[in-house]
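Trainee: below is the sequence, then the predicted model.
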Amino acid sequence: MLSQYVSPLLSLLFLLRFTLAAVVLALVAFTGCAQTFRGAINGTVTDPSGAIVLGATVVARDQATGLEHATVTTSDGQFVIQDLRVGAYRVTVTVAGFPTYVVDNVGVTAGAIYTLPMKLSLQQQSTTVEVVAATLTLDTTTEIQTTLVTGTDRNLASQNAVFVAVKRDHRSPPSLTSY
């Protein structure tokens, strides 16, 4: 009596197992078709102090094809370049006030995101100082030369005579004028 109920249950159980196996196999097959052959690069752009840099232009250039993908950093300094073909990329960051930052051979693999932190350096500034001086004139026609009397020379001068000027003549030694 029990056997007449068990036999249909076994066939129903077999049918259920077969259906479940077919569904699992179909899901695995569809998941394999949805696999991507592209990747992405993301990161954060900061300055030397670690502060975020917003508005920086980030360009990823495929080194094999030369195709470029560009984006701009967000208000929190982050960037994402998605849907990149598998291969090596040259990533360039440009922003005013900083030198261009370049990273070569950034590898993009299928289904992966390459995180690239970029810390910019300060731009070297060059300063040119131009000094302009008035030209000095040298009087070569007169033979008068003045001398400033300081220190102990003042005492000597007050004891003997007041020095007014020293006249230099090439033919005779200096002479003193006194009053």
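Mentor: That came in fine, so what should we check first?
Trainee: what residues sit buried inside the helix or strand V106 falls within?
Mentor: Taking DSSP states H and E as the definition, V106 sits inside strand 101-108. Judged by neighbour count (16 or more other CB atoms under 10 Å), strand 101-108 contains these buried residues: Y101, V106, V108. Just so you know, the C-beta spots here come from the backbone N, C-alpha and C atoms, and that holds for glycine as well.
Trainee: can you list the domain ranges for the chain.
Mentor: For the chain, the structural domains run 1-34, 38-119, 137-179, going by automatic domain parsing.
Trainee: what sits up against stretch 78-94?
Mentor: By CB atoms under 8 Å, 6 or more residues apart in numbering, the residues outside stretch 78-94 that reach it are 37-45, 56-65, 67, 69-73, 100-110, 116, 118, 120.
Trainee: just the ones in strands from those residues, please.
Mentor: Counting by DSSP state E, the part of the contacts of stretch 78-94 found in strands is 38-45, 57-62, 69-72, 101-108, 118.
Trainee: packing partners for the strand holding V106?
Mentor: Counting contacts by 3 or more CB pairs under 8 Å, 6 or more residues apart in numbering; DSSP states H and E, strand 101-108 packs against strand 38-46, strand 87-94, strand 113-115.
Trainee: in its sheet, what does that strand sit against?
Mentor: Neighbouring strands of strand 101-108 in its sheet, by DSSP bridges, are strand 87-94 (antiparallel).
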